[in-house]
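Chemist: what would the 3D arrangement of this be:
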Amino acid sequence: MKYKKIREIILGKPLDPMKAETRHSMALVAFLAWVGLGADGLSSSAYGPEETFRALGPHAHLGLYLALATAVTVFIIALAYNQVIELFPTGGGGYRVATKLVGPYLGLISGCALILDYVLTIAISIASGVDALASFLPLGFQPYKLWAEMCFIGLLIIMNLRGLKEAIQILLPIFIGFVITHLVLIVYGVVAHSSHLPELLPVTMAETQALAGSIGWAGVAGMLLLAYSQGGGTYTGLEAVSNNVNLLAEPRVRTGKITMLYMALSLAFTAGGIILLYLLWNATPTPGETLNASTFKTIIASMGLGGEMLNQALLVIVLAFEAGLLFVAANTGFLGGPSVLSNMAADSWVPHKFRYLSTRLVTQNGIVVMGLAALAILFWTGGSVTLLVVLYSISVFLTFAISLFGLCLYWLRNRTPGTHWLRRLLLSLVGFVICAGILIILLVERFMHGGWAAVLIIAAIAALCIAIRRHYRRTKQAILEVDEVFAHQPFGANVDPIVPIEPQPDAQTAVFIVGTSRGGGLHALLWVQRMFPGHFKNFLFVNARTVDSHAYGGEGAMAQMRQEAADTLEFFVDFCHSHGMASSSYLGFGTDAVDEITKLCEAINEEFPNCIFFTSKLIFTTDNWFTRVLHNQASLAVQRRLHLEGLQMVILPMKV
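Modeler: You can find the predicted model right below:
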């Protein structure tokens with residue numbers, strides 16, 4: 001009881017998944033979705049433009065081309081991903097697109113890249129946020145950055161375990177503060193140099209021609225492409241909405257498109273504007289400071305608002321909001337990552353437990369795994385933003401390229417008049433060429449500077465997923481074989497019509513805890529009749545269905561789950577009635593099947609005091625840690641709980 005009380009204080013009171021208003025209260029409208037999901041993209045302006053500008057070296061004048069290219073690229077990717085929202089309104093994003101449109105194994109690669117993407121979203125956002133805070137702290141703070149990052153990740157884990165909207169509403173003021181402060185700085189920074197703007201393009205073109213005269217146009221193009229690719233982290237986060245459409249308020253597709261518009265406008269303006277500020281204000285790297293920090297310091301000083309102390313205070317406020325937004329962006333990893341894991345769990349690529357919801361209706365296992373993985377990568381990289389950006393960009397653009405390739409295939413196959421298929425095909429194709437080009441350049445140019453690690457991690461995750469799916473397939477096939485054995489088990493003589501026989505409370509009662517397998521339930525029933533002939537007079541069947549992320553987020557999935565469970569129980573009851581046996585059934589729903597079954601069993605014991613509980617358990621030829629991780633061992637957990645309550649329960653082995 002003390003554990004439950006402490007848990008409730010930290011994470012909040014349990015929510016009822018069966019109430020329609022619960023999901024409605026948690027679903028995100030476009031504005032909150034922009035905060036919760038769009039922060040990832042907008043926050044990349046804290047490190048993406050800087051990586052782009054640094055890659056230019058002494059040829060800063062080329063930044064004008066990159067500022068324009070950045071804004072255009074944002075809109076191309078955003079418009080292409082609007083199609084993903086339309087085609088896959090239940091979420092899943094890049095993983096679902098690749099799986100459905102290209103094939104399961106490219107879907108797996110896309111899913112693995114997305115998992116790494118969201119882990120890196122957390123890691124790079126936290127690392128960059130701490131770097132922003134460290135920009136106005138003494139250099140002596142540098143050795144403690146890693147420990148600060150660990151504390152921030154722990155805080156975000158707790159906030160996300162409390163629930164979706166609570167985490168976003170806490171971070172909302174930070175998001176608004178970032179938008180306002182950066183809007184003011186960008187507008188002022190450009191207006192202050194408005195007299196130089198007319199000559200900016202001619203001067204840039206003249207300097208570009210001079211540079212081409214010394215290194216050739218191929219050299220200039222190569223320099224631009226490398227800088228453009230190095231800043232690939234700028235475009236990360238644009239896929240977040242399509243991955244999490246299931247979290248949005250109805251109508252989901254419209255809400256998703258509005259959210260995407262907010263994201264594209266804010267990111268194009270902020271990222272392109274910051275690169276323009278670097279160019280106009282002659283930004284130069286300063287030890288211990290980010291490029292944003294040094295540029296904003298110069299801009300604030302030029303405003304003439306007050307003395308040095310006031311200027312420093314304003315800079316601290318701006319950088320604090322920037323760091324805060326990066327922490328909001330890290331929160332996107334805790335929203336999107338578990339969502340991808342739950343979609344992959346539905347296809348048996350990862351353990352099914354990643355579909356389970358906590359009492360607060362969040363995918364608790366996914367949140368914890370994403371947080372721990374982000375901590376591991378931070379410790380491995382030492383929190384180096386430059387290295388993290390390389391890993392991040394490769395994983396993101398691998399997903400982008402596969403998804404946009406899938407969209408190209410879709411429109412080639414569906415050339416239906418009136419669907420504007422040609423326009424959509426061309427948009428998808430342009431996006432694919434851009435994303436594939438950035439990916440190839442990054443792999444070639446940055447392979448020895450961290451690119452190899454991204455490839456290795458994605459390959460390792462994919463190999464593990466293949467092993468997991470093979471195990472689940474073998475288990476499913478074995479269960480189907482059991483079902484097949486009992487499929488033709490004849491009903492009794494009393495079938496036309498089946499006459500219901502009500503159980504008597506004082507009679508000896510066998511209670512069967514059953515699942516989706518009819519063969520497993522019949523196996524247990526016939527085993528009991530064979531071992532205890534004529535002893536039991538009542539035969540009750542209990543099923544508790546887990547309300548997981550797939551059932552809770554899918555349109556009509558809850559009703560379908562309820563109907564399937566009711567049909568299965570009705571089959572068992574009808575089977576018993578056809579043989580003249582008293583029978584009844586009990587059905588429950590909850591996020592924890594063990595808790596729900598225990599409650600039902602305790603209620604049954606009060607009504608039928610002479611009852612014994614039975615269930616089946618899968619017995620594997622080779623039992624090891626791998627099988628124990630992949631299967632939740634619910635029967636053992638229920639038996640322990642019932643034994644503690646003084647109730648009798650027998651587990652029947654079912655070898656697979």
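Chemist: in whichever strand or helix holds Leu261, which residues are buried?
Modeler: Taking DSSP states H and E as the definition, Leu261 sits inside helix 252-280. For helix 252-280, a neighbour-count test (16 or more other CB atoms under 10 Å) marks 252-253, 255-264, 266-280 as buried. C-beta here means a position set from N, CA and C on the backbone, and glycine is covered the same way.
Chemist: what's the following helix or strand after that helix?
Modeler: Following helix 252-280 toward the C-terminus (DSSP H and E): helix 291-303.
Chemist: which helices and strands sit right next to that following helix?
Modeler: The contact analysis (3 or more CB pairs under 8 Å, 6 or more residues apart in numbering; DSSP states H and E) places helix 291-303 against helix 48-56, helix 164-191, helix 252-280, helix 308-346.
Chemist: distance to Thr99 and mean pLDDT added to those, as a markdown table?
Modeler: Output for these, formatted as a markdown table (distance: least, CB to CB, whole Å; pLDDT from 0 to 100):
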| stretch | distance to Thr99 | mean pLDDT |
| --- | --- | --- |
| helix 48-56 | 29 | 80 |
| helix 164-191 | 25 | 78 |
| helix 252-280 | 19 | 83 |
| helix 308-346 | 9 | 82 |
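Chemist: Serialize those helices to TSV and add fields for distance to Thr381.
Modeler: TSV is the format used below for the helices and strands packed on helix 291-303 (distance: least, CB to CB, whole Å):
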stretch	distance to Thr381
helix 48-56	15
helix 164-191	25
helix 252-280	23
helix 308-346	15
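Chemist: of all these, which lies closest to Tyr410?
Modeler: Among the helices and strands packed on helix 291-303, helix 252-280 comes nearest to Tyr410, with 16.4 Å by CB to CB.
Chemist: quick one, the closest one and helix 291-303 angle?
Modeler: In terms of direction (axes from the mean of the first three to the mean of the last three CA atoms, to 10 degrees), helix 252-280 departs from helix 291-303 by 70 degrees.
Chemist: distance between helix 252-280 and the chain's centre?
Modeler: 21 Å (CA atoms, centre = their mean, to the nearest Å).
Chemist: just the angle for that helix relative to helix 48-56, thanks.
Modeler: 40 degrees.
Chemist: helices and strands around helix 252-280, which ones?
Modeler: Helix 252-280 makes packing contacts with helix 30-36, helix 39-43, helix 48-56, helix 63-87, helix 164-191, helix 240-243, helix 291-303 when contacts are defined by 3+ CB pairs under 8 Å, 6+ apart.
Chemist: need the residues that contact the second one.
Modeler: So that's helix 39-43. With contacts defined as CB atoms under 8 Å, 6 or more residues apart in numbering, helix 39-43 is touched by 121, 125, 128, 171, 175, 178-179, 235-238, 240, 263, 266-267, 270, 325-326, 328-329, 331-333, 336.
Chemist: and that helix, how far out from the chain's middle?
Modeler: 15 Å.
Chemist: in contact with Leu133, which residues?
Modeler: Leu133 neighbours (CB under 8 Å, 6+ apart): Ala148, Leu319, Ala320, Ala323.
Chemist: make CSV out of those and add distance to Phe571.
Modeler: Output for the contacts of Leu133, formatted as CSV (distance: CB to CB, whole Å):
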residue, distance to Phe571
Ala148, 58
Leu319, 64
Ala320, 62
Ala323, 58
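Chemist: now, among the residues you listed, which is nearest to Glu86?
Modeler: For these, the nearest to Glu86 is Ala323 (35.6 Å; CB to CB).
Chemist: Val130 is in contact with the closest one, correct?
Modeler: Yes. With contact defined as CB atoms under 8 Å, Ala323 reaches Val130; the gap is 7.2 Å.
Chemist: how close does Gln230 sit to Ala376?
Modeler: As judged by CB to CB, to the nearest Å, Gln230 and Ala376 stand 25 Å apart.
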